[in-house]
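J.: Everything below, folded, please.
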Amino acid sequence: MSGAGRRRTRSRKPRGASRVGERFEAVVGPVAHGGHCVVRLGPPDSRVVFVRHAIPGERVVLEITEGTDGDRFWRGDAVEVLEPSPDRVSPPCPYAGPGRCGGCDFQHVDLARQRALKADVVSEQLRRLAGLDVEVVVEAVPGDDHGLRWRTRQRYVPLPGGGRGMRKHRSHDVVPVETCLIEAPELSDHVALGRTFEVADGGFWQVHPGAPDMLVGTVLEMLRPRPGERCLDLYAGVGLFAAFLLEAVGESGRVVAIEGDPAASALSATNCPGVEVRAGGVADVLAAPPPDGSVDEPFDLVVLDPPREGARRPVVEAVVARAPRAVAYVACDPAALARDLATFAELGYELRELRAFDLFPMTHHVECVALLEPAGR
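T.: Predicted coordinates:
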């Protein structure tokens, strides 16, 4: 189940009369970050509504699922499609749709159009938050079955009597399910480019079978590490990137892996003999002065693979202070990526290349890898 399916509706004081359950006919506007599209209602109910289960350009009847008279925007579902998009398809999963499982955002959309919508979101976030005009193509990744059967780690809600279910979008309510069509038939084997990694139970590993190979290959292709170079792997996890960086820079090079999760950090030492492992928050380790810290010096290459909220300014400043010739930024959230790219640009590092991958088909999530280099070089 995607992160979107596990969100809870926030409890807050109502700002006027509830509009939940009211229906409006409207034309659907552009896709927005978060798995929904923008609808602008006309007078007398002028309001932006973030609508799920729709496609840009469609005429739909939408039903308000969250919103009061005093809210700046409302949320809703497209419950009836009056003029469908040519890209609309029947969802392969019987649990997908308004009022059902919240794990998938785009099962009603043709797979190629799903990727185009994600590309639109990445482009819009980069333009709005970083001032960058970038043409984005979201690439398919081997390992799924036409967008299904890719999720190698799945969580269900146990139900009384031995059943299982999944939560509705932004809700505690549970929808009983028998089979999730995005769940992979096999568990992850934790292998990347032929190399096996040890991962703790419940520890982080990419859930799409093709993700490790694609991400490692892309990072190495962008950075082109050379023998003898010094590398920082930040938010290193169990050492996925560090292991291959060390192979590339050789015995004369140096790789330092920093990870805040103690279990993952310990496993990175096991998975990557020869890599220098530092356990602790990335910002804290980078800020530690010598002799407590041993990374307060120039590095040639940096890999950033931060959590959903991004690296943020203190880490970006610390990276730039080490004057790398290149930075590879692996991002699971385009808004966080765009904010950090704006900070890099302010500090003299330009976006040189960006690739986007469909590692989460049927959902709004997308993975990006960005290459940054000093401006003017």
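
J.: all contacts plus neighbour counts: C-alpha atoms, from now on.
T.: Noted.

J.: Could you point out the longest helix of the protein?
T.: The longest helix of the chain (DSSP state H) is helix 111-130.

J.: And it, what's buried?
T.: Neighbour counts over helix 111-130 (16 or more other Cα atoms under 10 Å) mark 111, 114-126, 129-130 as buried.

J.: Return the list of helices and strands in contact with it.
T.: strand 31-32, strand 138-139, helix 334-346 (3 or more Cα pairs under 8 Å, 6 or more residues apart in numbering; DSSP states H and E).

J.: Go through the last one and flag the buried ones.
T.: What it means is helix 334-346. 334-345.

J.: What are the contacting residues of that helix?
T.: Residues external to helix 334-346 that are found in contact with it (Cα atoms under 8 Å, 6 or more residues apart in numbering): 121-122, 125-126, 129-131, 308-313, 316-317, 320, 331, 350-351, 366-368.

J.: swap the cut-off to 6 Å and go again
T.: Here helix 334-346 makes contact (Cα atoms under 6 Å, 6 or more residues apart in numbering) with 122, 125-126, 129-130, 309-310.

J.: Tell me how far Glu247 lies from Gln114.
T.: Applying Cα to Cα, to the nearest Å, the value for Glu247 to Gln114 is 37 Å.

J.: could you measure the residue sitting nearest the centre point of the chain against Val51, distance?
T.: In the chain, the residue lying closest to the centroid (Cα atoms, centre = their mean) is Cys332, at 2.4 Å. For Cys332, the distance to Val51 equals 22 Å [Cα to Cα].

J.: Val285 now?
T.: Counting by Cα to Cα - Val285 and Val51 are separated by 42 Å.

J.: These two: which is more packed in?
T.: Val51 (26 against 20; other Cα atoms under 10 Å).

J.: Would you convert the helices and strands packed on helix 111-130 into CSV that also reports distance to Gly253?
T.: Below are these laid out as CSV (distance: least, Cα to Cα, whole Å):
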stretch, distance to Gly253
strand 31-32, 43
strand 138-139, 33
helix 334-346, 26
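
J.: can you redo these as JSON lines with distance to Gly99 and mean pLDDT?
T.: Below are these laid out as JSON lines (distance: least, Cα to Cα, whole Å; pLDDT from 0 to 100):
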{"stretch": "strand 31-32", "distance to Gly99": "20", "mean pLDDT": "98"}
{"stretch": "strand 138-139", "distance to Gly99": "29", "mean pLDDT": "98"}
{"stretch": "helix 334-346", "distance to Gly99": "27", "mean pLDDT": "98"}
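
J.: Show me the one of those that comes nearest Leu159.
T.: Minimum separation from Leu159 across those (Cα to Cα) falls at strand 31-32, 33.6 Å.

J.: C-terminal to that closest one, which secondary structure element comes first?
T.: Where DSSP states H and E defines the elements, the next helix or strand beyond strand 31-32 is strand 36-41.

J.: check contacts around the residue nearest to Glu80 when sequence neighbours are not counted.
T.: Spatially, and ignoring its direct neighbours in sequence, Glu80 is nearest to Val61 (5.0 Å; Cα to Cα, 6 or more residues apart in numbering). If you count contacts by Cα under 6 Å, 6+ apart, Val61 has them with 24-25, 78-80.

J.: Which of those residues ranks first by neighbour count?
T.: Counting neighbours by other Cα under 10 Å, Ala78 leads those with 24 neighbours.

J.: OK, contacts around that one?
T.: If you count contacts by Cα under 6 Å, 6+ apart, Ala78 has them with 53-54, 61-62.

J.: Let's see which of those residues end up in strands.
T.: 61-62 (DSSP state E).

J.: tell me the two of the contacts of Ala78 that are most distant?
T.: Largest separation among the contacts of Ala78 by Cα to Cα: His53 and Val61, giving 11.0 Å.

J.: got the contacts of Val61 as CSV, with secondary structure, pLDDT and distance to Pro44 columns?
T.: Below are those laid out as CSV (DSSP: H, G, I helix; E, B strand; the rest coil; pLDDT from 0 to 100; distance: Cα to Cα, whole Å):
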residue, secondary structure, pLDDT, distance to Pro44
Phe24, strand, 98, 12
Glu25, strand, 98, 13
Ala78, strand, 98, 20
Val79, strand, 98, 22
Glu80, strand, 98, 22
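
J.: Switch those over to a markdown table; also include distance to Trp205.
T.: Formatted as a markdown table, the contacts of Val61 follow (distance: Cα to Cα, whole Å):
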| residue | distance to Trp205 |
| --- | --- |
| Phe24 | 42 |
| Glu25 | 43 |
| Ala78 | 34 |
| Val79 | 36 |
| Glu80 | 39 |
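
J.: Thank you, goodbye.
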